[in-house]
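Q: Give the three-dimensional model of this entry:
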Amino acid sequence: MIDWETTEQLTALTHLDGRNSHKLTALRRYFSEFAWMKMRLSVIVSYTKSIASELTGKSLSRADDRKFSSLVDTFSLTEARKVVQLEKSVNHDLKALELYCASRLKGSHPASPAGGLSRLTPFINLGLGSEDINSMAFAMLLKKSREEVLLPAIREIVDLLVKFASKEKETIMVARTHGQPANVTTFGKEIAVPLSRLCDEVELFQSMTFQAKCSGEVGSYQAFLGVDPSLDAIGFTDRFIHSLGLVSSAVSTQIAPYDSLVRYLQSLYRINSILLDLTKNMWLYVLLGYLKVKKVDAEVGSSGMPHKVNPIYFEGAEGGLEMANGIIEIFCRKLPVNRLQRDFSDSTMRRNVVTPLALGFLSYQSIATALERIEVNTDTIAEDLNSHAEVWTETVKTYGTIRGIGDMYERLKRATRGRVLSQRDLQNLITGLPLKETEKQELMSICRGQENPFPARIVSEVLKRAKKIL
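A: From the prediction side, this is the model:
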């Protein structure tokens with residue numbers, strides 16, 4: 001008999017908490033209910049110490065500070081379950097946490113870490129609404145998860161692309177526009193394009209700040225009048241928010257404006273879009289035979305076709321990134337809009353912000369695995385280049401035009417449009433041009449593909465930027 005009340009990998013509703021849960025454990029430290037609870041408790045403790053010191057003119061002794069801080073340090077699943085029980089009575093998650101904190105401060109038993117600090121009870125959340133604590137805790141979780149989970153995963157991709165672009169910077173290949181052979185590039189330069197775009201966006205993403213509020217139930221600091229009318233509430237709360245590494249949003253309603261979160265998600269959206277572009281192009285290079293997926297002997301690529309070795313990690317990442325960005329679009333449409341001082345719909349959205357982060361994080365891991373499991377098929381690339389000599393016609397056109405052949409474009413259009421040229425065809429074409437013999441030999445040499453230094457230079461410049469990010 002299956003116990004459907006107990007969640008495990010095989011009974012989870014989604015693959016995020018099911019088959020792929022082992023790849024997402026890092027996010028649980030920030031976005032699980034326990035992590036959310038613990039971070040809010042941490043903010044409550046920090047704020048209580050700060051407001052008590054501000055109003056009494058006295059800081060806690062080192063011993064009392066350690067005692068009080070131990071509420072957070074020793075907060076465990078057992079303690080979290082006590083908060084859950086309190087919430088069942090009061091039907092408010094933040095109030096339950098406040099009551100828990102007060103009960104711990106009043107505890108006199110030696111086993112109670114903060115026992116003997118009951119004098120601090122009146123200062124718990126003094127002047128604040130629940131959304132003040134929530135906004136600070138949420139911003140801190142976003143900031144920490146960015147630094148400790150998302151950016152390292154993105155930097156791993158950057159590192160792999162750096163190695164790839166560096167290794168293949170002089171691997172000459174056919175470049176396609178509209179899906180057709182068009183011109184000549186190098187594989188390294190093609191990889192440098194998404195790498196350069198990532199550098200631009202990662203610089204922006206890692207520099208973004210997060211806003212939080214500490215201004216009371218409707219953002220008017222009303223409760224602080226009952227605390228002490230002479231207190232500079234704005235100055236005090238601004239300093240407290242800054243001490244958490246956040247930016248104060250003094251102009252707010254019941255909630256802090258979600259604009260900084262939206263900017264953060266939109267940057268992540270662009271990172272995901274760049275990586276989505278990469279995955280689709282790499283899949284196409286596998287299709288063309290330019291890339292080979294390394295086989296692992298124990299694996300199978302198909303239940304019925306023994307020969308298959310598939311680019312499944314690129315495909316999986318593509319699906320995950322599409323889903324992540326679709327959800328981000330919903331967040332960015334919804335969160336900036338809230339009725340009057342506040343409706344509660346943002347809370348539901350906020351509790352699910354981990355979903356696009358998790359889908360993205362899972363996709364980043366898939367891309368890293370995919371990049372480690374591919375190799376360039378230089379034979380196919382060389383064969384394709386040899387079979388499509390028409391990709392040199394732009395070079396031939398500009399060479400002839402600059403040397404006085406006035407009808408060069410029309411001449412080449414008549415001879416080459418819609419045709420696939422062999423190397424012999426290209427040689428005959430060059431031989432038939434009204435050029436000096438030395439010029440014909442020079443042009444043939446250029447069209448062997450060893451003369452263009454620019455792709456390698458492009459790669460080198462991008463690598464310099466990428467290494468700064470790494």
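Q: Go through the helix or strand that contains V459 and flag the buried ones.
A: Here V459, judged by DSSP states H and E, is contained in helix 454-469. Across helix 454-469, burial judged by 16 or more other Cβ atoms under 10 Å covers 455-456, 458-459, 462-463, 465-466, 469. The way it works is simple: take the backbone N, C-alpha and C, and place the C-beta from them, glycine included.
Q: Next: stretch 66-83.
A: 67-69, 71-72, 75, 79-80, 83.
Q: Pull the number of nearby residues for Q85.
A: 10 (other Cβ atoms under 10 Å).
Q: so what pLDDT did it get?
A: Q85 is assigned 96 on the pLDDT scale.
Q: Kindly provide the distance from it to A26.
A: Separation of Q85 from A26 (Cβ to Cβ, to the nearest Å) stands at 29 Å.
Q: before we move on, what about T416?
A: 54 Å.
Q: Please identify which of the two sits among more neighbours.
A: Neighbours were counted for T416 and for A26 using other Cβ under 10 Å; T416 has more, 19 against 15.
Q: Who are the contact partners of the more buried one?
A: 390, 393, 429 (Cβ atoms under 8 Å, 6 or more residues apart in numbering).
Q: Which secondary structure element is home to the second one?
A: Per DSSP H and E, T393 falls inside helix 393-402.
Q: buried residues in the following helix or strand past that helix?
A: Proceeding C-terminally, helix 393-402 gives way to helix 408-416 as the next helix or strand, assigned by DSSP H and E. Residues of helix 408-416 classed as buried: 408, 411-412, 415-416 (neighbour count, 16+ other Cβ under 10 Å).
Q: Check the average confidence over helix 408-416, would you?
A: Summarised as a single mean, pLDDT over helix 408-416 is 94.
Q: Can you check what angle separates that helix from helix 393-402?
A: 140 degrees (axes from the mean of the first three to the mean of the last three Cα atoms, to 10 degrees).
Q: among the buried residues of stretch 66-83, which are in helices?
A: 67-69, 71-72, 79-80, 83 (DSSP state H).
Q: Let me have the residues you listed in JSON lines, adding distance to L150 as columns.
A: Below are those laid out as JSON lines (distance: Cβ to Cβ, whole Å):
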{"residue": "K67", "distance to L150": "35"}
{"residue": "F68", "distance to L150": "32"}
{"residue": "S69", "distance to L150": "28"}
{"residue": "L71", "distance to L150": "29"}
{"residue": "V72", "distance to L150": "24"}
{"residue": "E79", "distance to L150": "29"}
{"residue": "A80", "distance to L150": "25"}
{"residue": "V83", "distance to L150": "28"}
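Q: out of the residues you listed, who's nearest T6?
A: Taking Cβ to Cβ as the measure, A80 is the one of those closest to T6, at 17.9 Å.
Q: which of the buried residues of helix 454-469 lies closest to Q365?
A: I469 (18.8 Å).
Q: What average pLDDT does the host helix or strand of N281 get?
A: Secondary structure from DSSP H and E places N281 in helix 259-288. Over the span of helix 259-288, the pLDDT mean works out to 97.
Q: In it, which residues are buried?
A: By 16+ other Cβ under 10 Å, the buried positions in helix 259-288 come out as 260-272, 274-276, 278-279, 282-283, 285-286.
Q: separation between the residue nearest the centre of the chain and Y285?
A: Closest to where the C-alpha atoms of the chain average out (Cα atoms, centre = their mean) is L268, at 4.8 Å. Distance, L268 to Y285, using Cβ to Cβ: 26 Å.
Q: Show me how this structure divides into domains.
A: As given by automatic domain parsing, the domain ranges for the chain are 21-123, 130-377, 388-453.
Q: Isn't E54 up against F236?
A: Yes: judged on Cβ atoms under 8 Å, E54 makes contact with F236 at a distance of 5.7 Å.
Q: what do these two both touch?
A: In contact with both E54 and F236: no residue, using Cβ under 8 Å, 6+ apart.
Q: Show me where the chain dips below the pLDDT cut-off.
A: Counting by pLDDT under 70, the chain contains low-confidence ranges at 108-115.
Q: Try it again at 80.
A: Where the chain drops to pLDDT under 80, the residues are 7, 107-116, 302, 450.
Q: Let me know the closest of the buried residues of helix 454-469 to I191.
A: Out of the buried residues of helix 454-469, the member with the shortest distance to I191 (by Cβ to Cβ) is V459, at 8.0 Å.
Q: Wait, the closest one touches F187, no?
A: No: the criterion here is Cβ under 8 Å, and V459 misses it with F187 at 9.9 Å.
Q: so who does V174 touch?
A: 181-185, 381, 384-385, 388, 391.
Q: I'd assumed it was in a helix, is it?
A: No: applying DSSP: H, G, I helix; E, B strand; the rest coil, one finds V174 to be strand, outside a helix.
Q: Do you have the strands of the stretch 1-150 of the chain handy? List them.
A: For the stretch 1-150 of the chain, no strands are identified by DSSP state E, counting those that start in this stretch.
Q: what sits against the residue lying closest to L24 once chain neighbours are set aside?
A: Once flanking residues are discounted, L24 sits nearest to A358: 5.4 Å by Cβ to Cβ, 6 or more residues apart in numbering. Contact partners of A358, counting by Cβ under 8 Å, 6+ apart, are 16, 24, 27, 31.
Q: Which ones among those lie within helices?
A: Secondary structure from DSSP H places 27, 31 of those in helices.
Q: Out of the contacts of A358, which comes closest to K292?
A: Using Cβ to Cβ, the contacts of A358 come closest to K292 at L24, 29.7 Å.
Q: neighbours of the closest one, just the number please.
A: Residues near L24, counting by other Cβ under 10 Å, number 20.
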